[in-house]
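K.L.:
Need a 3D model of the sequence below.
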Amino acid sequence: MSRFHLHLLSDSTGETLENIAKAALAQFDAVEIIKHFWPMVRSETHLDRILDEVAANPGLVLFTLVNPDIRAKLERRCRVLGLPMVPALDAVSDALSNLLGQAAKARPGRQHVLDAAYFARVEAIQFTIAHDDGQNWENWEAADIVLAGVSRSSKTPTSIYLANRGYKTANIPIVVESPPPSALFSLNRPLVVGLTTNPERLIAVRRNRLLSLNQAPETDYVNDDKVKAELAFARRMFADNGWPVIDVTRRSIEESAAAIINLFNEREAARESRRQAGLAADEV
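P.N.:
Prediction:
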């Protein structure tokens, strides 16, 4: 197993840098990482203390620093120590700079500015938590997206992921013995999406859930015939109402959410086209 030190230096929270490192490391097997995380690096004094640790534990240096003096000092010291270093965002920033014809603004943590989009995400998260598992169905019309699916079909984690992307998301379990509120079938503003999955996968997920709760592992909840009938009931409901369906069997939460966002964007684009066509007709 390969083993090495990884130094992450950021002049902000370091969240972006950590995600980049995580995504890159996922491409390699049998690697032991000793991670050294250094956020909020905004002074040369702070950098000096970090460089002592870097020298004592040599390894790859990954950084997002916009202050030219701090950055130059880090680069000089890494060259002296013979350490590989990667400015994680330079390639993207340079490409955008060339495309837009303007220099990037050297402001630490600029992506974390509390702008309108930030507060929209907070509002979406609050809405989504309050409308989980069929709660507060009376004001589903205020949602952007409503997810419907049988129990353990990834409705809640997908909803939370969508909320973090700024989409107000409600979700409702489809239960054969307890039909959802009639309001679900008359929604106008939200996009309603059905989530479905392979019965074998669903049974495995449910059985693990029962074991984690110390409940009886063999019930109708995991009975093969019952689960298949439950899924068939949900699929008929989706088809009868013309809702788009996402099969989450082989999708990660991120992949499912991306597919839902694409559906939402396509629906919004179609609505805008119809609106524009209506305006054009009015002008004739």
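K.L.:
domains for this structure, by residue range?
P.N.:
What automatic domain parsing lists as the domains of the chain is 2-110, 116-280.
K.L.:
Show me the strands in the stretch 151-284 of the chain, by range?
P.N.:
169-173, 191-196, 245-247 (DSSP state E, counting those that start in this stretch).
K.L.:
Considering the domains of the chain, which stretch scores lowest in mean pLDDT?
P.N.:
The stretch with the lowest mean pLDDT among the domains of the chain is domain 2-110, at a mean of 87.
K.L.:
Just the C-alpha atoms of stretch 143-153, please, in CSV.
P.N.:
Provided in CSV are the C-alpha atoms of stretch 143-153 (Å, rounded to 0.1, in the frame of the first residue of the first chain):
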residue,chain,number,x,y,z
ALA,A,143,-42.0,23.4,-3.7
ASP,A,144,-39.8,23.3,-6.8
ILE,A,145,-39.8,19.5,-6.8
VAL,A,146,-41.8,16.8,-5.1
LEU,A,147,-40.3,13.3,-5.0
ALA,A,148,-42.6,10.3,-4.6
GLY,A,149,-41.5,6.7,-4.0
VAL,A,150,-41.9,3.7,-1.8
SER,A,151,-40.1,3.5,1.6
ARG,A,152,-36.3,3.4,1.3
SER,A,153,-36.1,4.5,-2.3
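K.L.:
and Ala103, that's in a strand?
P.N.:
No - according to DSSP: H, G, I helix; E, B strand; the rest coil, Ala103 belongs to no strand; its state is coil.
K.L.:
Next, count neighbours for it.
P.N.:
For Ala103, the neighbour count with other C-beta atoms under 10 Å is 8. All C-beta spots, glycine's among them, are computed from the backbone N, C-alpha and C.
K.L.:
if you skip the residues just before and after it, what's nearest to Phe238?
P.N.:
Gly194 (3.5 Å; C-beta to C-beta, 6 or more residues apart in numbering).
K.L.:
bridging residues for that neighbour?
P.N.:
For Gly194, the beta-bridge partners under DSSP bridges are Ala148, Val245.
K.L.:
follow-up on the earlier one: and the strands of the stretch 151-284 of the chain, which is most packed in?
P.N.:
Highest mean neighbour count of the strands of the stretch 151-284 of the chain: strand 169-173, a mean of 25 (counted as mean count of other C-beta atoms under 10 Å).
K.L.:
Need the contact partners of that one.
P.N.:
Contact with strand 169-173 is made by 124, 127-128, 131-134, 136-137, 140, 143-151, 155-156, 158-159, 162-163, 180-181, 184, 190, as judged by C-beta atoms under 8 Å, 6 or more residues apart in numbering.
K.L.:
Buried members of those into ChimeraX, please.
P.N.:
Applying 16 or more other C-beta atoms under 10 Å to the contacts of strand 169-173, the buried members can be selected in ChimeraX as follows:
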select :124,127,128,131,132,134,137,140,143,144,145,146,147,148,149,150,151,155,156,158,159,162,163,180,184,190
